[in-house]
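1. heads up, no residue letters with this:
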């Protein structure tokens with residue numbers, strides 16, 4: 001009789017352990033998502049951060065500073081016979097907001113070329129607060145004679161940008177790889193007017 005009682009007790013304990021394991025397995029996914037959101041060490045939970053607006057899904061970014069607006073101006077300089085320009089001269093963005101600008105490029109030479117872009121920023125303190133997520137400047141590009149391409153720059157202006165900076169100029173110099181590498185454009189900031197030299 002004592003053996004029967006111990007056997008039933010063991011069965012009951014094993015059933016509790018199995019039930020606890022099932023409950024933990026069932027709860028692990030939502031717990032992991034909460035952990036990711038709190039610590040920010042994994043982006044798996046970001047897929048849930050969408051809101052429906054005008055029939056299309058848009059990311060909900062709670063770190064956007066809607067109280068501030070920064071004007072980002074785009075400049076393009078070339079070293080060689082090609083066309084290189086941004087699709088827009090400027091964009092108004094909120095710090096923390098992900099934005100995209102397209103740059104257009106055409107090889108005007110009668111031969112294939114390999115080229116790369118060098119970025120620079122004005123004013124100088126904007127550089128550390130301007131984060132490029134995707135950029136054609138990350139690598140070299142080869143274009144055939146007359147070939148046209150459009151490349152994106154996906155960026156975020158950090159909310160740590162000083163409050164007195166209302167305008168940023170992002171300037172690219174595009175040069176042929178293997179030729180003489182140009183120095184980055186020199187930028188100056190005077191009385192809220194941004195001037196890029198060396199174009």
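-> Sure thing, it's come through. All figures in this text were calculated on a predicted structure; none of them were measured in a lab.
2. sec struct for residue 73, please.
-> strand (DSSP: H, G, I helix; E, B strand; the rest coil).
3. list the beta-bridge partners for it.
-> Beta-bridge partners for residue 73, by DSSP bridges, are residue 90, residue 169.
4. check contacts around it.
-> Applying CB atoms under 8 Å, 6 or more residues apart in numbering, we find residue 73 in contact with 89-90, 167-170, 194. C-beta here means a position set from N, CA and C on the backbone, and glycine is covered the same way.
5. where's it relative to residue 124, distance?
-> Distance from residue 73 to residue 124, counting by CB to CB, to the nearest Å: 15 Å.
6. tell me which stretches of this protein form helices.
-> Ranges of helices in the chain, per DSSP state H, are 2-39.
7. ranges for the strands of it?
-> Here the chain has its strands, by DSSP state E, at 50-53, 56-59, 70-79, 82-86, 90-93, 98-107, 113-122, 130-135, 141-143, 148-157, 167-176, 187-190, 193-196.
8. in the fourth one, what's buried?
-> Which is strand 82-86. The neighbour-count check on strand 82-86 (16 or more other CB atoms under 10 Å) flags 82, 84-86 as buried.
9. ok, that strand: who's next to it in the sheet?
-> When DSSP bridges is applied, strand 82-86 pairs with strand 98-107 (antiparallel).
10. run through who's touching the strand it pairs with.
-> Everything outside strand 98-107 that qualifies as a contact, by CB under 8 Å, 6+ apart, is 59, 61, 72, 74, 76, 82-88, 91, 93, 113, 133, 136, 141, 143-157, 172, 174.
11. what is the mean pLDDT for that strand?
-> Strand 98-107 carries an average pLDDT of 93.
12. before we move on, what about stretch 116-124?
-> Mean per-residue pLDDT for stretch 116-124: 90.
13. list the buried residues for it?
-> By 16+ other CB under 10 Å, the buried positions in stretch 116-124 come out as 116-123.
14. count the residues that sit near residue 160.
-> Neighbours of residue 160 under the rule other CB atoms under 10 Å: 9.
15. same check, this time on residue 16
-> With other CB under 10 Å as criterion, residue 16 counts 10.
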